[in-house]
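A.B. asks: I would like to see how this sequence folds:
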Amino acid sequence: MIDPKFTNEATMQEKKEIIKNASTMVDHAKANEATERGGRYAKQQETTFTGELPKMPDGNPWARDPVPKEEPLNYDINTVEPCGTAAEIEASLQKEKPE
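C.D. replies: Numbers count the residues shown, from 1 in each chain. I've put the predicted structure just below:
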């Protein structure tokens, strides 16, 4: 049977030093960000957006939106109905009032 106990003979000072000097793939990516190297960390060409999308061809089903514009709901969808006992509601209202 395998003994599941893990024995680490490193001192606390050694453990802190390892954690302090540890690096990750993100650290490597950041270090190589400005280099002219190729591959997965190569600097990509910057894109710009002019604000206009190209016009779709007329036969394309995505050329127009078949869904009509929604009518307003005429109420605030962010309204939260108070819940709790009357004393809890009163206490919460007192907290909201500036003194």
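A.B. asks: ok, how many other residues are close to Phe6?
C.D. replies: Other residues near Phe6 come to 5 when the count uses other Cβ atoms under 10 Å. Bear in mind the C-beta positions are built from the backbone N, C-alpha and C, glycine included.
A.B. asks: Renumber starting at 6 from here on
C.D. replies: Right, with 6 as the first residue, what we last looked at is Phe11.
A.B. asks: pLDDT value on it, please?
C.D. replies: On the pLDDT scale, Phe11 is placed at 73.
A.B. asks: got a pLDDT number for the residue nearest the centre of the chain?
C.D. replies: Nearest to the mean C-alpha position of the chain, by Cα atoms, centre = their mean, lies Val31 at 16.9 Å. Note on Val31: pLDDT of 76.
A.B. asks: Tell me which helix or strand it sits in.
C.D. replies: helix 30-36 (DSSP states H and E).
A.B. asks: helices or strands next to that helix in the packing?
C.D. replies: Helix 30-36 sits against no helix or strand, with contacts defined as 3 or more Cβ pairs under 8 Å, 6 or more residues apart in numbering; DSSP states H and E.
A.B. asks: Tell me the buried residues in the helix or strand following it?
C.D. replies: Moving toward the C-terminus from helix 30-36, the first helix or strand encountered (DSSP H and E) is helix 91-101. Neighbour-count burial for helix 91-101, counted by 16 or more other Cβ atoms under 10 Å, picks out no residue.
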